[in-house]
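Visitor: Starting from these lines, generate the structure:
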Amino acid sequence: QVQLVESGGGLVQAGGSLRLSCLASGRPSSSVSMGWFRQAPGKEREFVAAIIWSGGLAVYADSMKGRFTISRDNAKNTVYLQMNSLKPEDTAVYSCAASGYNTLSYLRYERSYDYWGQGTQVTVSS
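Guide: Numbering: from 1, shown residues only. Prediction:
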């Protein structure tokens, strides 16, 4: 059974940085990509970034491009989200998810993912 466990969230001041990790245990061969999503209070969950395990091609939401970087360590079955220049509006629960798709455009959508982690809280103070 696939389990996704996020870590690295916390409280940070505006302008600061955090690195989130997502450990994918029991990852099946059909899980070819990973994504990060976030959900702020009272808002719908939104796409942040995604990466394909093989080759490392990545895609970002436009609002995160240039501030956030997704990467993966295949040997550790871990995906990372480096977040820089954080803003109060980045406050949300960040969740990782596993997908069987390797088409970057598909990875922007929640319905493309089969497994989800519980999420980790990121709070950015002004």
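Visitor: Nearest the geometric middle of this structure, what residue?
Guide: Using CA atoms, centre = their mean, the residue of the chain that lies closest to the mean C-alpha position is W36, 2.1 Å off.
Visitor: What is the burial count for Q13?
Guide: Q13: 10 surrounding residues under other CB atoms under 10 Å. To be clear about C-beta, it is placed using only N, CA and C from the backbone, and glycine gets the same treatment.
Visitor: So for it, what's the pLDDT?
Guide: On the pLDDT scale, Q13 is placed at 98.
Visitor: thought it was touching D90?
Guide: No - Q13 lies out of contact with D90 (CB atoms under 8 Å); the separation is 11.8 Å.
Visitor: Give me the common contacts of the two.
Guide: With contacts defined as CB atoms under 8 Å, 6 or more residues apart in numbering, the residues adjacent to both Q13 and D90 are V124.
Visitor: related to what we said a few turns ago, with adjacent residues omitted, what lies nearest to the residue nearest to the centre of the chain?
Guide: Leaving aside its sequence neighbours, W36 sits nearest to V48 (CB to CB, 6 or more residues apart in numbering; 4.2 Å).
Visitor: so what's the one you found up against?
Guide: By CB under 8 Å, 6+ apart, the neighbours of V48 are 35-38, 60-61, 64, 68, 81, 94.
Visitor: Most widely separated two among those?
Guide: Y60 and Y94 (14.0 Å; CB to CB).
Visitor: higher neighbour count, those two?
Guide: Y94 (23 against 20).
Visitor: Just list whatever residues bridge to that one.
Guide: Judged by DSSP bridges, the bridge partners of Y94 are R38, T120.
Visitor: what do you get for A98?
Guide: M34, Y115.
Visitor: where do the strands sit along this structure?
Guide: Using DSSP state E, the strands of the chain run over 3-7, 10-13, 18-25, 33-39, 46-52, 58-60, 68-73, 78-83, 92-99, 113-116, 120-125.
Visitor: how much space between E46 and E89?
Guide: 11 Å (CB to CB, to the nearest Å).
Visitor: shaky segments in this structure?
Guide: 28-30 (pLDDT under 70).
Visitor: Ignoring the adjacent residues along the chain, who's closest to Y80?
Guide: S71 (4.9 Å).
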